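Undergrad: Sequence below, structure please.
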Amino acid sequence: MPEAPPSSGTELETCRRRAEAALAALFEATVARSPERIALRHEGQSISYDSLNRRANRLAHRLIAQGAGPEQIIGIVRHTVQLLPV
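TA: Take a look at the predicted model:
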């Protein structure tokens, strides 16, 4: 029989955090296993899992240095998306 869905806000938050941790772990495992594998393709450009991971970590560290932290909503605006350096 399937498990009943969470009923309280605390249970929902616990489930959300577990899902986020699982997704992050899956991504990190993919980076470790296949760093050069293509993670994203857009308009003829591509980026590897390793490069995407490094960029995401740089952004995370920059946001933390500017005061971002857990449970904070932040907005990021990029007028152009550039996968590869020009």
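
Undergrad: for this protein, longest helix please?
TA: Secondary structure of the chain per DSSP state H: the longest helix is helix 9-33.

Undergrad: got the buried residues for it?
TA: 30-31 (16 or more other CB atoms under 10 Å). Glycine gets a C-beta too; all of them are placed from N, C-alpha and C.

Undergrad: Any chance you could list what contacts it?
TA: With contact meaning CB atoms under 8 Å, 6 or more residues apart in numbering, helix 9-33 is reached by 6, 37, 39, 49-50, 53.

Undergrad: mean confidence score for it?
TA: Taken as a whole, helix 9-33 carries a mean pLDDT of 87.

Undergrad: How about stretch 43-56?
TA: 92.

Undergrad: which outside residues touch that stretch?
TA: By CB under 8 Å, 6+ apart, the list of residues contacting stretch 43-56 from outside reads 27-28, 30-31, 34-40, 83-84.

Undergrad: Greatest separation within these: which pair is it?
TA: Glu28 and Leu84 (22.9 Å; CB to CB).

Undergrad: quick one, phi/psi of Leu40?
TA: With angles defined as degrees, to the nearest 10, Leu40 sits at phi -140, psi 140.

Undergrad: Regarding the nearest residue to it once chain neighbours are set aside, what is its secondary structure?
TA: Counting by CB to CB, 6 or more residues apart in numbering, the nearest residue to Leu40 once its immediate chain neighbours are dropped is Ile47, at 4.9 Å. What DSSP: H, G, I helix; E, B strand; the rest coil gives for Ile47 is strand.
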